[in-house]
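A.B. asks: what follows is a predicted structure for the sequence shown.
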Amino acid sequence: MPRPADIAVALFTVAACAVAATFVDAAIGVSDATPRLAERAALVERLGLTDLSLFTEARYTRHLSQADAHAPFQDHPFAIEHFPSGSLVTPPRHQGGH
């Protein structure tokens with residue numbers, strides 16, 4: 001019968017290996033994506049695109065660099081965000097208050 005401490009050590013070891021595997025996978029992904037990123041950067045420069053459009057819902061989530069801080073609450077100051085992407089985007093650092 002294994003001791004509880006042995007089970008805890010085994011679980012911790014498995015968890016640590018899983019975390020290490022995520023770092024290895026990320027490193028492989030970065031090296032695979034580097035040529036594609038260079039191609040996309042050249043395409044953006046050639047087409048003269050201004051910024052990345054991340055979401056398709058509301059104007060303040062489509063172009064984050066051009067959004068004003070009060071656009072999500074234009075109906076009422078205490079209005080609830082009704083677009084899912086609005087809850088995924090954080091305010092810019094200069095508006096965070098820190």
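C.D. replies: Sure, I can see it.
A.B. asks: where in this protein is pLDDT low?
C.D. replies: For the chain, applying pLDDT under 70 flags the ranges 51-54, 58-77, 81, 86, 90-98.
A.B. asks: check which helix or strand covers Glu39.
C.D. replies: Using DSSP states H and E, Glu39 falls within helix 4-47.
A.B. asks: tally of neighbours for Val89?
C.D. replies: If you count neighbours by other CB atoms under 10 Å, Val89 ends up with 16. All C-beta spots, glycine's among them, are computed from the backbone N, C-alpha and C.
A.B. asks: before we move on, what about Gly48?
C.D. replies: 6.
A.B. asks: domain map for the chain?
C.D. replies: 1-49, 54-98 (automatic domain parsing).
A.B. asks: and Pro35, how many neighbours does it have?
C.D. replies: 9.
A.B. asks: likewise the one 3 residues further on?
C.D. replies: The tally of other residues near Ala38 (other CB under 10 Å) stands at 10.
A.B. asks: repeat that for Ala33.
C.D. replies: Neighbour number of Ala33 under other CB under 10 Å is 11.
A.B. asks: go on, Phe83?
C.D. replies: Phe83 has 15 nearby residues by other CB under 10 Å.
A.B. asks: same question for the one 5 residues further on.
C.D. replies: Using other CB under 10 Å, Leu88 has 10 other residues around it.
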